[in-house]
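S.K.: Sequence below, structure please.
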Amino acid sequence: MTVPMERPSDSASTTTRERPWRPRARLSGQRKIWVVAILALVFAAWGGHWLYQRWTHVYIDDARIDGEVVTISSRVSGWITELPVVQGDAVKKGALLAQVDDRDSRLQKEVLQSKLQAIENQMAVVQAQGGQVDQETLGKFQSETNRLAAAEAEVAAVDTQVKQARDDLKRAQELADAKWLSPQALERARTTYKEVQERHRKAVSEVAAVRGTLSAAGGSRRQLKVIERQILVLANQANEIRAEIRRQEVDIADRTITAAEDGRVVMTFVRKGEHVSPGQRLMMFHDPNDIWVDANVKETTVGLLKPGMKAEIHVDAYPGKVFEGKISSIGQAATSKFALLPDPNPSGNFTKITQRLPIRILLAEKNPQLRPGMMVEVYIGVRND
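M.R.: Next up is the predicted model:
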């Protein structure tokens with residue numbers, strides 16, 4: 001049996017081809033070991049840092065940026081004639097946000113102003129009439145008052161004469177009876193007494209007549225009271241119309257909606273030309289400088305927190321950027337107490353769940369990049385000492 005002989009050249013070539021590959025395989029294995037070791041160190045360092053952060057910080061991963069987002073509504077009804085802003089626009093205090101049609105309101109104001117002018121003119125006429133009546137009746141009243149005083153003085157004087165004439169007639173009668181006075185002298189005394197009595201009756205009649213005239217003059221003076229009442233009624237009507245004008249001015253002012261402060265339009269709900277009703281939402285407005293962070297902390301860690309503690313805020317929208325803040329307030333009740341459907345646990349089955357309490361963090365920097373609703377992560381150092 002013939003055994004085939006191996007060629008030396010083939011064996012040598014095979015050995016030459018295999019030798020260079022052994023060091024490369026060893027080197028590749030060492031690289032893998034180094035890579036694994038480095039990765040292990042990296043993960044160990046990351047894990048150590050993570051454990052350190054969890055030990056020294058309270059970590060919250062479901063916090064949000066919040067702010068005063070104001071809903072601007074219409075107090076009146078009408079068509080939107082101007083809407084110069086859109087979502088995202090920055091506006092200054094006093095800038096026009098929306099204009100509701102005010103033509104009808106202005107026309108109603110003009111009608112009320114015309115009514116007010118008519119009433120004021122009527123008041124002027126009545127006041128002029130009152131002045132005229134005052135002048136006319138005042139002179140007559142004073143004249144009749146003087147006449148009455150003169151007539152009463154005349155009555156008083158005639159009364160004295162009547163008494164004197166009566167006494168004279170009595171003495172004359174006594175003297176005539178004693179034959180010391182002639183019948184002619186007695187008759188003259190009787191005639192004098194009758195004449196004085198007649199003058200007294202005329203004086204009394206004159207007093208009565210003057211009093212009647214004075215009473216009529218007093219009635220004319222009482223017309224001034226009626227005129228004063230008419231002026232008072234007209235004045236009340238004028239005040240009522242002035243109040244209506246002021247209300248109309250308020251209505252006109254409400255149709256021009258302006259920004260109460262500097263801010264930004266978050267969202268608009270209407271378009272130019274649409275009809276709005278009282279209370280309907282027009283847009284939402286936000287002041288970028290009035291923002292904060294709302295977070296809910298577990299009740300097991302809330303005891304470590306207190307107002308004034310510093311916090312680091314990481315915004316999901318801006319990776320790698322850190323914002324500083326400070327705890328402003330800590331809630332006095334768990335969030336479950338504000339739930340719309342609280343769990344009274346009527347069945348008696350109980351599962352203990354860690355409750356959360358709200359906290360508010362004020363930002364040290366008011367950055368316009370931060371917007372209400374953004375998700376953030378919060379780190380609050382509690383064991384940094």
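S.K.: where are the low-confidence patches of the stretch 201-350 of the chain?
M.R.: 214, 216-221, 340-350 (pLDDT under 70).
S.K.: what do you get if the cut-off is 80, keeping everything else the same?
M.R.: Applying pLDDT under 80 to the stretch 201-350 of the chain picks out residues 203-224, 335-350.
S.K.: What are the boundaries of the helices in the protein?
M.R.: With DSSP state H as the criterion, the chain has helices at 8-18, 21-56, 103-177, 183-254.
S.K.: Now do the third one against helix 183-254, angle only.
M.R.: With axes from the mean of the first three to the mean of the last three CA atoms, to 10 degrees applied, the angle from helix 103-177 to helix 183-254 works out at 170 degrees.
S.K.: of the helices of the chain, which approaches residue 293 most closely?
M.R.: With distances scored as CB to CB, the stretch of these nearest to residue 293 is helix 21-56 (18.3 Å). Where C-beta positions appear, they are placed from N, C-alpha and C, glycine not excepted.
S.K.: So for the closest one, mean pLDDT?
M.R.: The average pLDDT within helix 21-56 is 70.
S.K.: ok so, going back, can you lay out the helices of the chain as a markdown table showing mean neighbour count and distance to residue 292?
M.R.: As requested, those are exported to a markdown table (neighbours: other CB atoms under 10 Å; distance: least, CB to CB, whole Å):
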| stretch | mean neighbour count | distance to residue 292 |
| --- | --- | --- |
| helix 8-18 | 9 | 72 |
| helix 21-56 | 10 | 23 |
| helix 103-177 | 15 | 40 |
| helix 183-254 | 15 | 31 |
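S.K.: who wins for proximity to residue 313 among those helices?
M.R.: Within the helices of the chain, the stretch nearest residue 313 is helix 21-56; the backing value is 14.5 Å (CB to CB).
S.K.: if we can go back for a sec, now render the helices of the chain as a markdown table, adding distance to residue 380.
M.R.: Converted to a markdown table, the helices of the chain look like this (distance: least, CB to CB, whole Å):
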| stretch | distance to residue 380 |
| --- | --- |
| helix 8-18 | 64 |
| helix 21-56 | 10 |
| helix 103-177 | 54 |
| helix 183-254 | 46 |
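S.K.: of all those helices, which lies closest to residue 71?
M.R.: Of all the helices of the chain, it is helix 183-254 that lies closest to residue 71, at 15.8 Å by CB to CB.
S.K.: and the closest one, how far from the chain's centre?
M.R.: Here helix 183-254 is found 53 Å from its chain centre; the criterion is CA atoms, centre = their mean, to the nearest Å.
S.K.: got it, and stretch 65-73?
M.R.: Worked out by CA atoms, centre = their mean, stretch 65-73 lies 18 Å from the chain centre.
S.K.: Need the residues that contact it.
M.R.: Applying CB atoms under 8 Å, 6 or more residues apart in numbering, the contact partners of stretch 65-73 are 97-98, 257, 260, 266, 279-288, 290-294, 315, 370-374, 376.
S.K.: Need the CA coordinates for that stretch. PDB is fine.
M.R.: The C-alpha coordinates for stretch 65-73 follow below in PDB (Å, rounded to 0.1, in the frame of the first residue of the first chain):
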ATOM      1  CA  ILE A  65     -44.600  75.100  34.100                       C
ATOM      2  CA  ASP A  66     -47.700  77.100  35.000                       C
ATOM      3  CA  GLY A  67     -48.700  80.800  34.800                       C
ATOM      4  CA  GLU A  68     -51.600  83.200  34.800                       C
ATOM      5  CA  VAL A  69     -53.300  82.400  31.500                       C
ATOM      6  CA  VAL A  70     -56.300  84.700  31.300                       C
ATOM      7  CA  THR A  71     -59.300  84.000  29.200                       C
ATOM      8  CA  ILE A  72     -60.500  87.300  27.600                       C
ATOM      9  CA  SER A  73     -64.300  87.300  27.000                       C
END
